[in-house]
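Colleague: this one's structure only:
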């Protein structure tokens, strides 16, 4: 693990590290905020998954999570959104595919499958590294994210309900199999058989029987991607005849930006802290 | 005034505008956060001046001021740090001179004097525009800033004690006339006669009799620029035999970055709000 940067912030430490990823076969970068409380005792961890085009840095710069994470004693880990480097395939003119658009899945199709194993990376490889290197109580994990990262958080929680005690999302892509900006990527990463897509689609997972106790979703009504890309009402519909508890808050005037995310960041961190004990 | 962007945030509105500046003879960009309280009544305004290499955007992205400004009912205006555009002279390989390094002074030397009139811009032109366009109570103004912007805030407060009711700074350059990263710029902007520099040097202003009721200064002890560039002890020394009240807080482990600024942003906004009533 290589240190890229370390800065004191709100009494704790905001760090950026890189490391060689076995599953993605490239160097990966991630950010970790460690609150001052971690000096005394192992702290719970929340994983923040970012959206299309982002790296670890967007939420680190603009997410405004450190004040509340410091106060609540939460470790916050922010992975990158895809494998990186010159060896990694990409579609240079398409921001919805390749680098910056890993969709938190394990690609099965060439040329993507060699590197794009973001599901395994976020669920297994990175947690193993983090639990080794930081004072984390791995029995208390939460996961959240924005847009493509909201999709990542929700699908990962639904597939690992014993691992994660809490899940929330800002403007998540709840049904990427049929959303205009993700459907083409799913076909390229996973092949033409749509049955293979269902394990990476929150609505389909719920239809197929996956369960997670409760979700908090915040969504801006002035979000340009709401109608075609995000459609939280599809998830509302999917959970209706289940015992899944969904708190969906629709906010007038808020868009898809970090101005929206930072506004509700405190609420999300409190949601996780309450459930992580 | 042209709208560059507008985003809802913490119940208020974060906007970026551009306008033609008469004094700087170029298009200037600035950011304004308007809290929800401004719908009901005119609100006090705090001016945030940024440091070397910055634009209006750095603090807007990383300063984390909106939550507390919303709560306290403060309008926050963040100007750019210099004139901009192809017609504006610059030293391309020198980040301590020209664009991004206006030092909040009125240049008197060619080729700089045609455009670099940042003192008049920040003290007169921009406030006139802001008071016209927003619900601002101009009888309640505070000013603060970081590094070069801390220098700007302190010198402007010292020269305009009737205008500003509050002043604070993060890691300010308190004596730019003799600091390694500002002295060459002062010579180029203002000429070789050091007497002309004193009106833009907080320590010299105090020595020459300028007064302001009280200052809050936060400074990180792990700041790489502390010893040669910032030297807050010089200001401490300068105010010793005056009635100026200085609260200087030195912080272990904090550096010069926005991780430091955002950590203490709440304290500064509260400092201003208490004095602006």
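Modeller: Yes, it's here. Since the model is a prediction, treat every value here as computed from it, not as a measurement.
Colleague: what residue, apart from its backbone neighbours, is nearest the residue of the stretch 101-250 of chain A found nearest chain B spatially?
Modeller: Closest approach of the stretch 101-250 of chain A to chain B (Cβ to the nearest Cβ) occurs at residue A:222, with a separation of 7.1 Å. Any C-beta I mention is one placed from the backbone N, CA and C, and that applies to glycine too. Closest residue to residue A:222 apart from its sequence neighbours, by Cβ to Cβ, 6 or more residues apart in numbering or on different chains: residue A:255 at 4.9 Å.
Colleague: could you check how far residue A:268 is from residue A:168?
Modeller: Taking Cβ to Cβ, to the nearest Å as the measure, residue A:268 falls 5 Å from residue A:168.
Colleague: find residues that contact each of the two.
Modeller: Common contacts of residue A:268 and residue A:168, defined by Cβ atoms under 8 Å, 6 or more residues apart in numbering or on different chains, comprise A:144, A:216, A:218.
Colleague: are any of the residues you listed buried, and which?
Modeller: Those of the shared contacts of residue A:268 and residue A:168 that meet the buried threshold are A:144, A:216, A:218, by 16 or more other Cβ atoms under 10 Å in any protein chain shown.
Colleague: which strands and helices sit next to the helix or strand encompassing residue A:189?
Modeller: Under the criterion DSSP states H and E, the helix or strand holding residue A:189 is helix A:183-190. Applying 3 or more Cβ pairs under 8 Å, 6 or more residues apart in numbering or on different chains; DSSP states H and E, one finds that helix A:183-190 contacts no other helix or strand.
Colleague: need the helices for the stretch 151-277 of chain A, in chain order.
Modeller: A:183-190, A:202-207, A:232-239, A:258-276 (DSSP state H, counting those that start in this stretch).
Colleague: coming back round to it: the shared contacts of residue A:268 and residue A:168 in strands, which ones?
Modeller: Counting by DSSP state E, these place A:144, A:216, A:218 in strands.
Colleague: make JSON lines out of those and add distance to residue A:209 and pLDDT.
Modeller: Listed next are these as JSON lines, based on distance: Cβ to Cβ, whole Å; pLDDT from 0 to 100:
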{"residue": "A:144", "distance to residue A:209": "23", "pLDDT": "99"}
{"residue": "A:216", "distance to residue A:209": "22", "pLDDT": "98"}
{"residue": "A:218", "distance to residue A:209": "26", "pLDDT": "98"}
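Colleague: got CSV for these, with distance to chain B too?
Modeller: What follows is these, written out as CSV (distance: Cβ to the nearest Cβ, whole Å):
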residue, distance to chain B
A:144, 19
A:216, 18
A:218, 13
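Colleague: neighbours of the residue in the stretch 51-200 of chain A that chain B sits nearest to, just the number please.
Modeller: Using Cβ to the nearest Cβ, the single residue of the stretch 51-200 of chain A nearest to chain B is residue A:64, 5.0 Å away. Per other Cβ atoms under 10 Å in any protein chain shown, the neighbour tally for residue A:64 reads 24.
Colleague: so what's it up against?
Modeller: Contacts here follow Cβ under 8 Å, 6+ apart; on that basis residue A:64 touches A:262, A:265, B:64, B:67, B:262.
Colleague: pLDDT wise, what is the closest residue to it other than its chain neighbours at?
Modeller: Closest residue to residue A:64 apart from its sequence neighbours, by Cβ to Cβ, 6+ apart: residue A:262 at 4.0 Å. According to the predicted model, the pLDDT of residue A:262 comes to 98.
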